[in-house]
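*Asks:* one predicted model, sequence on top.
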Amino acid sequence: MEAVITEIEHLKKSFGNNNVLKDINLKIAKGENLVVFGKSGSGKSVLIKCLVGLIEPDEGKVIVLGKDISELKNEELNILRKKVGFLFQSAALYDSMTVRENLEFPLRDLKSKPKEEIDALVIEALKNVGLEDAIDKMPSELSGGMRKRVGLARTLILKPEIILYDEPTTGLDPITSKEISNLILEVQKKYNTASIIITHDVECARITANRIIILKDGTSAAEGTFDELSESTDESVRAFFK
Amino acid sequence: MVVDEKIKNKIVSEEITESSENPYLKKLKDFFEEISSLTLFALRFFKEVVRPPYEFKEFVKQSYLIGYKSFPLVAITGLIMGLVLTIQSRPTLAQFGAESWLPAMVAVSIIREIGPVITALIFAGKVGSGIGAELASMKVTEQIDAMEVSGTNPFKYLVVTRILSATIMLPVLVVAADAISLYGAYIGVNLEGDVSFHLFFLQVFEKLSFADVFPAIIKTFFFGFMIALLSCYKGFNANKGTEGVGQAANSAVVLASLSIFIIDMIAVQLTNLFI
Ligand SMILES: Nc1ncnc2c1ncn2[C@@H]1O[C@H](COP(=O)(O)OP(=O)(O)OP(=O)(O)O)[C@@H](O)[C@H]1O
Ligand SMILES: [Mg+2]
């Protein structure tokens, strides 16, 4: 196993009386794809938001790329965040900007780069998700699935070391889903990135997962490879693979 | 059965929290909590406005959207304001045989009070609700979170630029509105009389003093600042869900309008004290 790139220890988070995460322990190695399964509302999105400091955990340690998130100053956190890609469940495209400006936004620090180079990066990222025609459209003109793909392109454009995908294939047709899953795999192979992939899509998990955990009642209820878990004796685990 | 139990528990627990706390006390507590978090928000603005990196491009864009795009509305209101004020004031002045005072009197009311306040109210309605709704919908659809994880400080990019733009653009708009309003007054005077353009402005500037113009312009900086501060605050802290967007826009306008009158009242007192 390669070096551990992200580590979560005894993570707890509750909102009022709602104990969402009770005790999460997790390690991700460099170049590993970890798929997270779990029922709606089980805290999957909350978990990955803790990893980038969008949500502050009540207890526990979150270490990303060797740094404890809670101890970082704002500037340090911003530097770290540039190395972590985050695909939002809702895509979260900037409504007031075109697709091109959306993709340029994470590149703002590279403004010293020549315009052609930035353009090339934007076009390459859009090609990856099959949307180079939409470059000058506004997000409101795109379909749900297209927004998702633009969101994915925006996440990948900085070539992050860790990528957190929140339901990358939800709402897409089976063919596009498969393409996106293959793209995730390709990115992993090409740049040796570590990823957490939240999904309900068994096909996506089959293609991308090196390891799967199942989130239940605020802890990881099961852990293993795709084959191990899909043949589990536990009915509630197997249910995810149908 | 289980569901029944849950609902019952919920009702009981709600009753407890309600009866254990005096509702008026709770309102008062909420009010002070809101004031303190607004103060922190304002302090954060002053901290971040001086600290690089500066979002200059976004500042220019916002100044264009906030200032230039509001100009037509402000201009029409200004013109009508001057015209109507003149027509309404004429009969009273005529009773005292003081019709020749009309230009000067109207000019003083416009520049001291009506120009700044009406323009600020229009500005609060247009810009305040716009900022409130825009930031709230960005918050609700996780766009602000997305900005944050991409390593850009959303407070600096969204809030600081908007507050700065509004603080600078409102005074400019007020000066323009004042000028257009005076032109409206000139038209109003000539509806029933015959005063040349030159004479009209001679009469106006004869009676206008530094004490009329200067404090009136200064207070508009505070109007602009407060309108944008409150709108950004409401938008940035909007509740989840689409109704949060409407709420934010609405309370942004209400609070901003109220704050205009409060600042105006303070400004009048201060002006009388010092000048
Ligand atoms: N900011 C927040 N404030 C209060 N409660 C929250 C917040 N974010 C999430 N929650 C609560 O945490 C729980 C888990 O939410 P989360 O979004 O992580 O679910 P999820 O596993 O991603 O579900 P889905 O598959 O539907 O996206 C939910 O009960 C939700 O109400
Ligand atoms: Mg989710």
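*Replies:* Everything's here; your move. Numbering: from 1, shown residues only, chains lettered A, B, ... in the order given. Ligands and ions are numbered 1, 2, ... in the order given.
*Asks:* report the residue spans of the chain with pLDDT below the cut-off.
*Replies:* Answering for chain A, as no chain was given. Counting by pLDDT under 70, the ranges of chain A that qualify are A:1-2, A:110-111.
*Asks:* wrong one, chain B
*Replies:* Scanning chain B for pLDDT under 70 picks out the ranges B:1-20.
*Asks:* which helix runs longest in it?
*Replies:* Taking DSSP state H as the criterion, chain B has its longest helix at helix B:242-274.
*Asks:* do the same with chain A
*Replies:* In chain A, taking DSSP H as the definition, the longest helix is helix A:174-191.
*Asks:* how far out from the middle of the chain is that one?
*Replies:* Mean-position distance between helix A:174-191 and its chain equals 13 Å (CA atoms, centre = their mean, to the nearest Å).
*Asks:* is any residue of whichever helix or strand comes after that helix near chain B?
*Replies:* Per DSSP states H and E, helix A:174-191 leads on to strand A:194-198 as the next helix or strand towards the C-terminus. No - using CB under 8 Å from any CB of the partner chain, strand A:194-198 stays clear of chain B, coming no nearer than 13.7 Å. Just so you know, the C-beta spots here come from the backbone N, C-alpha and C atoms, and that holds for glycine as well.
*Asks:* list the contacts for residue B:217?
*Replies:* If you count contacts by CB atoms under 8 Å, 6 or more residues apart in numbering or on different chains, residue B:217 has them with B:116, B:171, B:174-175.
*Asks:* swap that for residue A:179, please
*Replies:* Residue A:179 is in contact with residue A:130, counting by CB under 8 Å, 6+ apart.
*Asks:* and the residue in chain B positioned nearest to ligand 2, how close does it get to residue A:231?
*Replies:* Residue of chain B nearest ligand 2, by CB to the ion: residue B:142 (10.8 Å). Distance of residue B:142 to residue A:231, computed by CB to CB, to the nearest Å: 37 Å.
*Asks:* those two - which one has more neighbours?
*Replies:* Neighbour totals were compared for residue B:142 and residue A:231, and residue B:142 leads with 23 against 11 (other CB atoms under 10 Å in any protein chain shown).
*Asks:* quick check, that one in contact with residue A:90.
*Replies:* Yes - the pair residue B:142 / residue A:90 is scored as a contact, 5.5 Å apart, by CB atoms under 8 Å.
*Asks:* residue B:220 reaches residue B:169, doesn't it?
*Replies:* No - between residue B:220 and residue B:169 there is no contact under CB under 8 Å: 10.0 Å.
*Asks:* burial count for the nearest residue to residue A:188 once chain neighbours are set aside?
*Replies:* Closest residue in space to residue A:188, ignoring its immediate chain neighbours: residue A:33 at 5.5 Å, by CB to CB, 6 or more residues apart in numbering or on different chains. When counting by other CB under 10 Å, one arrives at 23 neighbours for residue A:33.
*Asks:* swap in residue A:146?
*Replies:* By other CB under 10 Å, 21 other residues sit near residue A:146.
*Asks:* do the same with residue A:113
*Replies:* 12.
*Asks:* what residue in chain A comes nearest to ligand 2?
*Replies:* For chain A, CB to the ion, closest residue to ligand 2: residue A:45, 3.2 Å.
*Asks:* please compute how far whatever helix or strand that residue lives in lies from its chain's middle.
*Replies:* If you go by DSSP H and E, residue A:45 is part of helix A:44-51. How far helix A:44-51 lies from its chain's middle: 10 Å, per CA atoms, centre = their mean.
*Asks:* next, the angle strand A:194-198 makes with it.
*Replies:* 150 degrees (axes from the mean of the first three to the mean of the last three CA atoms, to 10 degrees).
*Asks:* show the contacting residues for the nearest residue to residue B:251 once chain neighbours are set aside.
*Replies:* Spatial nearest neighbour of residue B:251, excluding adjacent residues (CB to CB, 6+ apart): residue B:234 at 5.3 Å. The neighbourhood of residue B:234, defined by CB under 8 Å, 6+ apart, consists of B:132, B:135-136, B:248-249, B:251-252, B:255.
*Asks:* again, 6 Å this time
*Replies:* B:132, B:248, B:251-252 (CB atoms under 6 Å, 6 or more residues apart in numbering or on different chains).
*Asks:* who in the stretch 51-200 of chain B is up against chain A?
*Replies:* For the stretch 51-200 of chain B, the residues in contact with chain A (CB under 6 Å from any CB of the partner chain) are B:141-143, B:145-146, B:149-151.
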